[in-house]
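Chemist: What follows is a predicted protein model with its sequence.
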Amino acid sequence: MPDACFGDALTRLWPNGDQKVPRLRAGLVASAPAVFAKYNISSPLVLAHLMAQISHECGAGRDVVENLNYSAGRMMQVWPSRFPTMASAEPWAHDPRALANKVYNGRMGNRDGSDDGWNFRGRGASQTTGRDGYQRVRQATGLDVVSHPDYLIDPRYFLECGVSDFVHCGCLPFAEADDILNVTRRLNGGTIGLAERKAWLAKWKAALGDAPLELASPPLAPDLPTAKPTTLSTFIAALVAVFRRA
């Protein structure tokens, strides 16, 4: 699949993809050849699964950072065991930072009594969450997203961070088998949004087709110039020829 095809598909399927992060789609297209080659995204089927998951997780570029500005009622739906009643949820309503630390600290590598829940809330293409998740991306990519969390939404790194999560969560074998249920389980930890992910997969399959991926290759190194003989080398060659005839 030529790079232009991926770019065209991204433009059509993510019409508001630059709404939160300017030039996000251009960053994805520019980084795609190197990222897909590095992480062995080598078929339209695998790419469709990857982009279906990313499209759902980040809202096609519209929800690149987790929004935790919840009402008490919404908190009871999302975390029913933590907030079983309106009274238990009200203190955290519409206070995103406090809520992030309440529900995320003490797990996923986040430290109790810290701002980790807020600092390491869901971000980026795959909504990487928790200190452990950010450290996993740092180890895979070499990008220090732990010290600089917003690297996850930088157009230059957005795609690689999401792909590294997809690969290191173990999604590739299931994507190759066209098994969206287990791709979702590996990336999400459950099956939240499975119907929407299936809808995205159908869209990406239709947009990408089934032609082999064609990833851009780095330019070949220019041919080295042929060395011109020096006067000394010419003289030595002549002497060798004389002795061989003698």
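Modeler: Thanks, I have the structure now. Computed from a prediction, not measured in an experiment: that's the story for all the values here. Numbering: from 1, shown residues only.
Chemist: Spatially central residue in this protein, please.
Modeler: Centroid-nearest residue in the chain, with C-alpha atoms, centre = their mean: residue 162, separated by 1.6 Å.
Chemist: Quick one, grab the pLDDT at it.
Modeler: We note a pLDDT of 98 for residue 162 in this prediction.
Chemist: Could you give the number of residues near the residue lying closest to it once chain neighbours are set aside?
Modeler: Once flanking residues are discounted, residue 162 sits nearest to residue 125: 2.5 Å by C-beta to C-beta, 6 or more residues apart in numbering. Using the backbone N, CA and C atoms, a C-beta is placed for each residue, glycine as well. Neighbourhood size, residue 125 [other C-beta atoms under 10 Å]: 28.
Chemist: follow-up on the earlier one: which SSE is the residue nearest to the centre of the chain in?
Modeler: Assessed by DSSP states H and E, residue 162 sits inside helix 158-168.
Chemist: following that helix, which helix or strand comes up?
Modeler: helix 172-176.
Chemist: Just the CA atoms of the next helix or strand after that following helix, as PDB, please.
Modeler: Counting by DSSP H and E, the next helix or strand C-terminal to helix 172-176 is helix 180-188. Output of helix 180-188 as PDB, limited to C-alpha atoms (Å, rounded to 0.1, in the frame of the first residue of the first chain):
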ATOM      1  CA  ILE A 180     -10.500  -8.400  17.100                       C
ATOM      2  CA  LEU A 181     -11.800  -9.800  20.300                       C
ATOM      3  CA  ASN A 182      -8.400 -10.800  21.600                       C
ATOM      4  CA  VAL A 183      -6.700  -7.700  20.000                       C
ATOM      5  CA  THR A 184      -9.000  -5.600  22.100                       C
ATOM      6  CA  ARG A 185      -8.400  -7.700  25.300                       C
ATOM      7  CA  ARG A 186      -4.700  -7.400  24.900                       C
ATOM      8  CA  LEU A 187      -4.700  -3.600  24.400                       C
ATOM      9  CA  ASN A 188      -7.700  -2.600  26.600                       C
END
